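K.L.:
what shape does this take:
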Amino acid sequence: MNIAVVGTGYVGLVTGTCFAETGVNVTCVDVDANKIERLQKGEIPIYEPGLDQMVLKNVKAGRLSFTTDLASVLNEQDVVFSAVGTPPDEDGSADLKYVLQVAKTIGANINKYVVVVTKSTVPVGTAKKVRAAIEEELKKRGEDIPFDVASNPEFLKEGSAIKDFMSPDRVVVGVESEKAKKVLSKLYKPFLLNNFRVIFMDIPSAEMTKYAANSMLATRISFMNDIANLCERVGADVNMVRAGIGADTRIGRKFLYAGCGYGGSCFPKDVKALIKTADQEGYSMEVLKAVERVNEKQKSVLFEKLSKAFEGQSLKGKVVAMWGLSFKPETDDMRESTALVMIQKLLEAGCVVRAYDPIAMDECKRRIGDTITYCRDMYDAVLDADALLLLTEWKEFRLPTWGVIKKAMHNPLVIDGRNIFDSEELQENGFEYHCIGK
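P.N.:
A predicted model of the protein is given here:
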C-alpha cells in the first residue's frame, strides 16, 4: 500500500514513519526544501525519543522517502494524509490556508481514485471545505475523477508519540463512504490484529472528537489548579484531595495533577479554536472560557509565590534559577510554555535568570536570544541563586543532592511548580519550600 503524508512537522513525521514501520510505502512531503534536504541526510528536525532511529531504519529499508513535490508522487498513492499546520488566527480560530492549499494541489493533479485524509486538528466542517476545494480544481480541469475525504485526528503525546501511534488506546476515523472505510480498514489492519480499537464514525463527529478530547484534558488540569489554589487558602493538601477523588472510578487519577499551567502546541490552540467555533455557531462555551482564564492566571503563580517570599523587598538584582524550559518533559517544545511567561516577568522585575533544561535550551535561545544565562547543568544553574524555580518535571530533577545545592545557593528558597519534591526533606535540609496547593 502506498501513502503520502503532507507536512513533516511533529504529527506528519511521526505518522509517516510509524506507518512505514508497519510495512506501508510512505512518501513524506513538505514545501520546506531545507527540511526535506535534512531529512534525506538523516537529520531529524524535531526531538522525539526513538524517532531518529526509526526514520533511518525505514529509509534504509526503502519504505520511507521525502520530497518537496506532491504533484510528482500523487498518482502513486492510495491515501494522502494532510498533516500541515493549522495555527491560530488572531481571533483564535484555526487557520486552514495550508490545509486548503494541499486540497487544491490534489484536485489539480490527481488522475485516479484517492482517499484524502485530514490528520491535522481542524474545526468541524473542514472536510466539506477540503472536498469543495478539490472539486473546484477538478472542475477547472474538466475532469470527474472520484475521490473520498476522511478525518483521522491524531492523539499523540509529545515525548511518547511513537508508543502512542504503535499502541494506541483508540484510532478515530471519520468516513462518508464504504469505499473509504475499506481502504482505511486495510491501512489500519496491523492495529486491528493487535486488538486496538479503530472507531469509525461520521466526519463531523471525528473532527469534533479531537477538540473535545483535548478540551476535556485541559479542563481537568485547570479544575485541579483552581482546587489547588483554594487548598492553599483553607489549609488543605491538593495531593491528598487528588488521591481522594482519583479513587472514584468515575473520575480516575489521570490529569488531576496541580501545577503551574499547561502549554504546548495542542491544548491552548484547541481550546481557543473550539471556543471560536462555538461563537461562530451562536453558542458560548462558558466552561472552556473559564478553563482558559484559569490557565493563563496559573502561569503567573510561581512569580506571585516568589514575590511573596521576598515581600517588602525588591526583586531587582535577585538571581533566579530555573529548572525546565519546555512545556513538558521529553520534548524541546516551548510553545505556550509557562517558562516563557516566567522569564518575561522575571526580566521585567529586574531579576537575573539562570536556566537549565536537558533538551530545550537551543529552542529557548532561538526564541528569546541571550536575555538569560544558559547553564551547563542543574547544579550550575543554582550557583549564587536567591531562589530556585522548578517548571518542568524532567526525571533528572527528581532526586537532586540538596546538600550541594544548599551550599551553591545564596538563599535557600525552592518554589516547586510541579509538586515533585518532598517538603519534609527540603525543610530538613534547611530550605524554605513552596509548592502548588499545599
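K.L.:
quick one, what contacts residue 246?
P.N.:
Applying Cβ atoms under 8 Å, 6 or more residues apart in numbering, we find residue 246 in contact with 252-253, 256. All C-beta atoms are positioned from the backbone trio N, CA, C, and that covers glycine.
K.L.:
so which of the residues you listed wins on neighbours?
P.N.:
Neighbour counts for the contacts of residue 246 (other Cβ atoms under 10 Å) peak at residue 256, which has 19 neighbours.
K.L.:
roughly how far does residue 346 sit from residue 264?
P.N.:
Distance of residue 346 to residue 264, computed by Cβ to Cβ, to the nearest Å: 21 Å.
K.L.:
who has more neighbours, those two?
P.N.:
More crowded of residue 346 and residue 264, by other Cβ under 10 Å: residue 346, with 23 against 20.
K.L.:
secondary structure element holding that one?
P.N.:
helix 338-348 (DSSP states H and E).
K.L.:
what comes into contact with that helix?
P.N.:
By Cβ under 8 Å, 6+ apart, helix 338-348 touches 260-261, 263, 298-300, 302-303, 315, 320, 322, 324-327, 334, 353, 355, 364, 367-368, 371-372, 389, 391-392, 417.
K.L.:
hmm, 7 Å instead?
P.N.:
260-261, 263, 299-300, 302-303, 320, 322, 324-325, 334, 353, 368, 371-372, 389, 391, 417 (Cβ atoms under 7 Å, 6 or more residues apart in numbering).
K.L.:
turn the buried ones among those residues into a named ChimeraX selection, would you?
P.N.:
In ChimeraX, this line selects whichever of the contacts of helix 338-348 come out buried by 16 or more other Cβ atoms under 10 Å:
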select :260,261,263,299,300,302,303,320,322,324,325,334,353,368,372,389,391,417
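K.L.:
out of the contacts of helix 338-348, which are inside strands?
P.N.:
Taking DSSP state E, the ones among those that sit in strands are 320, 322, 353, 389.
K.L.:
what helices or strands is the lengthiest helix in the chain leaning on?
P.N.:
The helix that spans the most residues within the chain, counting by DSSP state H, is helix 203-234. For helix 203-234, the elements it packs on are helix 126-141, strand 148-151, strand 171-174, helix 238-246, helix 267-280, helix 286-298, judged by 3 or more Cβ pairs under 7 Å, 6 or more residues apart in numbering; DSSP states H and E.
K.L.:
now do 6 Å
P.N.:
Applying 3 or more Cβ pairs under 6 Å, 6 or more residues apart in numbering; DSSP states H and E, one finds that helix 203-234 contacts strand 148-151, strand 171-174, helix 267-280, helix 286-298.
K.L.:
domain parsing for this structure?
P.N.:
Following automatic domain parsing, one gets these domains for the chain: 2-201, 211-298, 301-434.
K.L.:
and the longest one, how far out from the chain's middle?
P.N.:
Taking the mean C-alpha point of domain 2-201 and that of its whole chain, the gap between them comes to 18 Å (Cα atoms, centre = their mean, to the nearest Å).
K.L.:
helices along the stretch 1-150 of the chain, start to end?
P.N.:
10-21, 33-40, 51-60, 70-73, 97-109, 126-141 (DSSP state H, counting those that start in this stretch).
K.L.:
now, of these, which is deepest in the fold?
P.N.:
Each of the helices of the stretch 1-150 of the chain was scored by mean neighbour count; the highest is helix 10-21, a mean of 25, by mean count of other Cβ atoms under 10 Å.
K.L.:
ok so, going back, is it possible to export the helices of the stretch 1-150 of the chain to JSON lines including mean pLDDT and distance to residue 149?
P.N.:
Shown next, in JSON lines, are those (pLDDT from 0 to 100; distance: least, Cβ to Cβ, whole Å):
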{"stretch": "helix 10-21", "mean pLDDT": "94", "distance to residue 149": "17"}
{"stretch": "helix 33-40", "mean pLDDT": "92", "distance to residue 149": "26"}
{"stretch": "helix 51-60", "mean pLDDT": "94", "distance to residue 149": "27"}
{"stretch": "helix 70-73", "mean pLDDT": "95", "distance to residue 149": "16"}
{"stretch": "helix 97-109", "mean pLDDT": "95", "distance to residue 149": "9"}
{"stretch": "helix 126-141", "mean pLDDT": "96", "distance to residue 149": "5"}
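K.L.:
where in the stretch 51-200 of the chain is pLDDT low?
P.N.:
89-92, 192-196 (pLDDT under 70).
K.L.:
just to revisit the earlier point, centre of the chain to the longest helix of the chain, how far?
P.N.:
So, by Cα atoms, centre = their mean, the centroid of helix 203-234 is 15 Å from its chain's centroid.
K.L.:
list the buried residues in it.
P.N.:
203-204, 206-211, 213-215, 217-229, 231-232.
K.L.:
so what touches stretch 421-438?
P.N.:
With contact meaning Cβ atoms under 6 Å, 6 or more residues apart in numbering, stretch 421-438 is reached by 228, 231-232, 237-238, 258-259, 305, 402, 406, 412-416, 419.
K.L.:
looking at those residues, spot the one nearest residue 62.
P.N.:
Proximity of the contacts of stretch 421-438 to residue 62 (Cβ to Cβ) peaks at residue 259, which lies at 44.5 Å.
K.L.:
my read: the closest one touches residue 420, true?
P.N.:
No. Assessed by Cβ atoms under 6 Å, residue 259 is found out of contact with residue 420, at 9.7 Å.
K.L.:
ok, these two, which is more surrounded?
P.N.:
A count of neighbours by other Cβ under 10 Å puts residue 259 above the other of residue 259 and residue 420, at 26 against 17.
K.L.:
on that earlier part again, which pair in the contacts of stretch 421-438 spans the largest distance?
P.N.:
For these, the farthest-apart pair by Cβ to Cβ is 231 and 406; their separation is 27.9 Å.
K.L.:
nearest to residue 11, of the contacts of stretch 421-438?
P.N.:
Of the contacts of stretch 421-438, the one sitting nearest to residue 11 (Cβ to Cβ) turns out to be residue 259, at 24.8 Å.
K.L.:
give me the nearest residue to the closest one, chain neighbours excluded.
P.N.:
residue 418 (5.1 Å; Cβ to Cβ, 6 or more residues apart in numbering).
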